[in-house]
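**Q** the following block contains a protein sequence and its predicted model.
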Amino acid sequence: MVVLTKGELEQIALPAVHKAVPPLADVPEVDLGGGGARAAAARAVVAACEGHGFFKVTGHGVPAGLLARVEAAAATFFSMPQLEKEAAAAGAPPGSPFGYASKRIGSNGDLGWVEYLLLGVTGAGAAPLCVHGEASPPPSFCSFRDLLNEYVVAVRAMMCEVLGLMAEGLGLKEKDALVRLVSHEESDSMLRMNHYPPHPELKQQGHGRLTGFGEHTDPQVISVLRSNDTSGLEISLRDGSWASVPPDRDSFFINVGDVLQVLTNGRFRSVRHRVMVSSPRPRVSIIFFAGPPPRERLAPLPWLVAEDGGRCRYREFTWREYKASAYRTKLAENRLCHFETE
Ligand code: GA4
């Protein structure tokens with residue numbers, strides 16, 4: 001499916017020298033199922049965000065049938081001929097990150113062994129998805145989009161539950177301080193579907209690893225990830241080492257994003273992560289990135305600054321400003337350092 005020029009192949013293949021990394025033994029887990037006490041769940045969310053900046057959500061209430069339909073539809077989309085995929089998601093204005101692409105991540109020269117569909121999600125209503133500037137997507141794509149809308153609504157409800165627990169665990173007076181950001185009419189979120197096909201050379205060699213999606217942090221508030229029970233996701237630990245995340249077909253994974261690190265004055269950790277391709281099975285993941293409205297002014301929350309002895313670690317900025325700055329960077333760059341106060 002993917003045709004590479006020699007230069008591109010060399011760049012993508014370069015990290016194949018990386019050794020396999022150990023599995024993350026202690027993936028923090030938060031059960032939303034109502035079995036445990038709410039205060040305990042709130043504490044577990046905070047501890048996980050302070051630790052790895054990453055955790056697993058069980059008892060999430062998103063119907064298994066919906067997840068199976070979304071997974072099947074994503075697999076069907078990626079199995080279409082290249083031209084059809086491009087046509088189905090065409091219409092994004094030049095310079096916009098939205099639409100279908102293969103191997104090229106962002107617009108600053110990053111490459112990966114991945115093809116993807118990136119869709120904009122605005123508003124808080126029942127049909128928030130939009131393929132920006134869509135001319136007239138084919139009918140087959142419209143039913144796919146309806147299904148993804150259903151998915152976004154369900155995932156956003158679960159995510160708001162998690163953000164509510166976070167606010168509680170942090171002891172914020174304003175209990176909806178975080179939920180409000182991502183469920184506003186103008187919230188600027190995204191849905192991404194990634195497909196990592198097995199690499200033919202790796203299959204022949206039987207070993208080796210390619211970069212599917214290079215290391216990075218997510219700029220938004222939080223990201224909610226699902227995958228088709230296939231390995232590949234790795235996170236960076238506080239000591240700088242990497243650990244692979246054992247796949248789990250029943251749960252969601254949550255990443256703290258850059259904005260949440262800022263709001264919590266650095267108490268929560270925006271987790272650096274990547275996807276490596278070594279599996280003989282294709283990996284398909286679907287990620288919801290929850291962002292605030294473009295005009296939203298973001299700064300460390302006063303309560304958390306007070307708890308930190310009055311030290312405010314980041315200057316105030318709007319999401320529009322941060323996003324513009326982030327989108328000028330290469331994937332692996334530290335984007336928050338430009339907004340630190342010292
Ligand atoms: C990382 C998180 C999301 O996938 C994304 C990515 C975006 C893109 O693919 O266009 C970016 C990347 C992400 C951060 C730095 C810039 C922008 C690629 C890139 C090199 C959609 C996002 O919001 O930021």
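**A** Cool, the structure landed.
**Q** what's around the residue in the stretch 51-200 of the chain that the ligand sits nearest to, how many residues?
**A** At 2.7 Å from the ligand, G106 is the closest residue in the stretch 51-200 of the chain, using C-beta to the nearest ligand atom. (Glycine included, C-beta is placed from N, CA and C.) Look at G106: counted by other C-beta atoms under 10 Å, it has 16 neighbours.
**Q** tell me which helix or strand A68 sits in.
**A** Taking DSSP states H and E as the definition, one finds A68 inside helix 64-78.
**Q** residues contacting the residue of the stretch 51-200 of the chain closest to the ligand?
**A** For G106, the contact set (C-beta atoms under 8 Å, 6 or more residues apart in numbering) comprises 97, 327, 330-331.
**Q** which residues of the protein fall in helices?
**A** For the chain, applying DSSP state H gives helices covering 6-13, 38-50, 64-78, 82-88, 139-170, 179-182, 200-205, 258-263, 302-307, 319-326.
**Q** who in this structure is up against the ligand?
**A** Selection of the chain residues close to the ligand by C-beta under 6 Å from any ligand atom yields 97, 105-106, 108, 110, 118, 190, 192, 216, 218-219, 289, 326-327, 329-331.
**Q** tell me the buried residues within those residues.
**A** Neighbour counting by 16 or more other C-beta atoms under 10 Å classes 105-106, 110, 118, 190, 192, 216, 218-219, 289, 326, 329, 331 among the residues of the chain next to the ligand as buried.
**Q** now the end-to-end length of stretch 277-290.
**A** One end of stretch 277-290 sits 26 Å from the other (C-alpha to C-alpha, to the nearest Å).
**Q** likewise stretch 176-185?
**A** End-to-end distance for stretch 176-185: 15 Å, by C-alpha to C-alpha.
**Q** ok, now stretch 335-342?
**A** 15 Å.
**Q** same question for stretch 93-102.
**A** 17 Å.
**Q** excluding chain neighbours, what is closest to K175?
**A** Spatially, and ignoring its direct neighbours in sequence, K175 is nearest to A167 (5.2 Å; C-beta to C-beta, 6 or more residues apart in numbering).
**Q** my guess is that neighbour contacts E174. True?
**A** Yes - counting by C-beta atoms under 8 Å, E174 is a contact partner of A167 at 7.3 Å.
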